[in-house]
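Trainee: have a look at this fold, sequence not included:
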């Protein structure tokens with residue numbers, strides 16, 4: 001694994017406050033969090049941690065993209081989460097102990113905020129705001145994971161991909177545009193793994209949706225030509 005370097009760029013208090021985990025903190029509490037944080041630069045394809053690695057702390061993605069995944073006994077990869085900016089990950093063992101239960105890898109060059117385990121636990125022992133925010137975050141992650149398990153077991157690939165596109169255009173803030181679009185910053189292989197299929201199947205599906213005039217692909221961008229039909233496919 002390549003060596004990570006400290007990023008000398010300062011991150012403002014307002015940036016930290018935009019992290020859902022730290023929203024609602026006082027200025028003093030925020031400064032305490034900043035004092036124990038480390039800003040780390042990672043390059044595309046670097047591994048942040050492997051499943052089974054000793055737990056050191058958790059991360060918040062500042063910019064870039066990260067995939068959280070498991071590897072089966074047969075060597076197959078299943079992506080559980082695609083982390084977007086301002087989302088935290090690697091926080092499950094924070095309270096229950098144990099090692100990292102999954103793998104985390106960079107999909108693109110990224111900057112992360114690292115919060116060390118022991119120092120963070122000391123800070124939150126008497127801080128109900130952070131604890132509540134973390135519980136809320138855990139609940140949202142559990143709901144997303146439960147939804148994904150249900151989709152993988154009951155939905156067809158077309159349904160899952162349509163839902164994925166709808167989620168992505170909403171995150172991109174283009175869902176109310178005349179022609180909603182999303183720019184894909186991850187490979188087809190990663191998208192296919194995330195929706196529980198293979199790259200060839202995804203490629204055929206993209207071609208089919210284009211032929212049906214539901215989407216238009218331009219480079220790494222996907223434009224939605226018929227949002228009504230896409231929503232119908234996602235049901």
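Mentor: Alright, I've got the coordinates. Note that the structure is a prediction, hence the values are computed from the model and not measured. Residues are numbered from 1 along each chain as shown.
Trainee: contacting residues for the residue most central in space within the chain?
Mentor: In the chain, the centroid-proximal residue (CA atoms, centre = their mean) is residue 83; its distance is 1.2 Å. The contact partners of residue 83, by CB atoms under 8 Å, 6 or more residues apart in numbering, come to 61, 65-68, 89, 104. Heads up, the C-betas are built off the backbone N, CA and C, glycines and all.
Trainee: equivalent analysis for residue 105, please.
Mentor: Applying CB under 8 Å, 6+ apart, the residues near residue 105 are 45-48, 66-67, 69.
Trainee: and it, what element?
Mentor: Per DSSP states H and E, residue 105 falls inside strand 103-106.
Trainee: mind listing what's buried in the helix or strand just after that strand?
Mentor: On the C-terminal side of strand 103-106, the nearest following helix or strand under DSSP H and E is strand 110-116. Counting neighbours by 16 or more other CB atoms under 10 Å, one finds that the buried residues in strand 110-116 are 110-115.
Trainee: which elements pack onto strand 110-116?
Mentor: helix 27-36, strand 38-42, strand 57-63 (3 or more CB pairs under 8 Å, 6 or more residues apart in numbering; DSSP states H and E).
Trainee: parallel or antiparallel, list what pairs with the shortest one.
Mentor: Same thing as strand 38-42. strand 5-6 (antiparallel), strand 110-116 (antiparallel) (DSSP bridges).
Trainee: save the ones you listed as CSV, and put in distance to residue 184 too.
Mentor: CSV is the format used below for those (distance: least, CB to CB, whole Å):
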stretch, distance to residue 184
strand 5-6, 28
strand 110-116, 16
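Trainee: of the contacts of residue 105 - the most surrounded one?
Mentor: Ranked by neighbour count (other CB atoms under 10 Å), the contacts of residue 105 have residue 66 at the top, with 25 neighbours.
Trainee: run through the residues that contact that one.
Mentor: Residue 66 touches 48, 59, 82-83, 89, 104-107, 110, 112, counting by CB under 8 Å, 6+ apart.
Trainee: which one of those residues is nearest residue 126?
Mentor: residue 59 (23.9 Å; CB to CB).
Trainee: bridged to the closest one, which residues?
Mentor: residue 89, residue 114.
Trainee: domain assignment for the protein?
Mentor: Each domain of the chain is listed here as a residue range: 5-140, 157-234, per automatic domain parsing.
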